[in-house]
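Novice: Make a model of this:
(one chain, ligands or ions: 1)
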Amino acid sequence: MIRVDNELFNNKKSPVIELHDDLFTKKEIRLFVKRDDLIEPAPSGNKWRKLKYNLVQAKQEGYEKLLTFGGAFSNHIYAVAEAGRRFGFQTIGVIRGERIQPLNPTLQHAENCGMHLLFIDRSTYRLKKDKAFQDQLSQRFGKIYLLPEGGTNQLALQGCSEIVAEVRAQLPDMNINYWLTACGTGGTFAGLVQGLESDEKAIGISVLKGDFMAGEVQQLLDISQHKPQAAWEINTTFHHGGYAKHNPALIEFINTFKTKFDIPLDPIYNGKLFYAIWKMIEADQFPKESNILAVHTGGLQGITGFNERFGGVLV
Ligand SMILES: *Cc1c(COP(=O)(O)O)cnc(C)c1O
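Specialist: Take a look at the predicted model:
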């Protein structure tokens, strides 16, 4: 039985908080954080925002099985498995690479939620967008609602654009000038852009190396029905070596941030986002009296696995 119902819509709003730091006083800016890492229900963070309307659509169209793709530490795999458990969908995760025992905490959680894990080699995995490969999966698993890797599609953008309305309701007297978030596929950022007005600006921090992110975001916005009003740009200088790469400066920043503000940051996305924000404030990239809002997109489930691999470097 699929239970996509009121529970899905009456979810408690994630809080918005203000951070205080001598740096902000000196630079005369204010920084707010939308704590989507605390979002309820538990398929947490932006992956929940991206799934929401997909689950509604899957239910409306009579699907009982969700199938998606991801790497072994994927927040998206984790969230889809969790959504399946909560809302009564069967879930299939097509995972890049071999099954390694014991499973890492991400995949173990997915399997505990009832997700069927299908491990495929890296070259087959590259066919994930290929129609013939998807047809093969349909033949094997029956009627499946297909979610792309990372969960980005137009329904995902719709879910993410709701962040803006929530923040406006939570900070009714506050004019936010800059909205920032980390970019993986750019779906969350594109959703955010869609929600903004013409006097606001969105800045996406790419966590991947390369200059393609703005193009990806533009493509997502081009096929959207909703024409964006706000200015936006992608910053490509804070990837720290590339996707899922890290260095001592990033690790130290994340640990200091946790001690100072009691807010954990994942090393893949939000560590890089907040590191970037600090550097940009230090470099006077925001005019005096700017109000800045950062969306903390969650991803905290990955910290345990990260520490297992890299010797417990995160506090
Ligand atoms: C997936 C993810 C992102 C990136 O979202 P996109 O929509 O793919 O750009 C950011 N933060 C966290 C924690 C994520 O899991």
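Novice: Burial check on Arg49, number of neighbours?
Specialist: 31 (other Cβ atoms under 10 Å). All C-beta atoms are positioned from the backbone trio N, CA, C, and that covers glycine.
Novice: Next one: Gly114 relative to Arg85, how far apart?
Specialist: Distance of Gly114 to Arg85, computed by Cβ to Cβ, to the nearest Å: 6 Å.
Novice: More neighbours: which of the two?
Specialist: For Gly114 and Arg85, the more surrounded residue by other Cβ under 10 Å is Arg85, and the numbers stand at 18 against 12.
Novice: Spatially, which residue comes closest to the more buried one, not counting chain neighbours?
Specialist: Spatial nearest neighbour of Arg85, chain neighbours left out: Cys113 (4.0 Å); criterion: Cβ to Cβ, 6 or more residues apart in numbering.
Novice: so where is the chain shaky, pLDDT-wise?
Specialist: Within the chain, the ranges that satisfy pLDDT under 70 run 6-11, 42-43.
Novice: centroid residue for it?
Specialist: Centroid-nearest residue in the chain: Asn46, 4.0 Å away (criterion: Cα atoms, centre = their mean).
Novice: can you tell me how far the nearest residue to that residue once chain neighbours are set aside sits from Thr256?
Specialist: Closest residue to Asn46 apart from its sequence neighbours, by Cβ to Cβ, 6+ apart: Thr297 at 4.0 Å. Thr297 sits 20 Å away from Thr256, going by Cβ to Cβ.
Novice: On the three-state scheme, the residue nearest to Glu197 when sequence neighbours are not counted is what?
Specialist: In space, and not counting its chain neighbours, Glu197 is closest to Gln229: 5.6 Å by Cβ to Cβ, 6+ apart. Three-state call for Gln229 (DSSP: H, G, I helix; E, B strand; the rest coil): coil.
Novice: Gln229 and Ser198 touch, don't they?
Specialist: Yes: contact criterion Cβ atoms under 8 Å: Gln229 and Ser198 qualify, at 4.2 Å.
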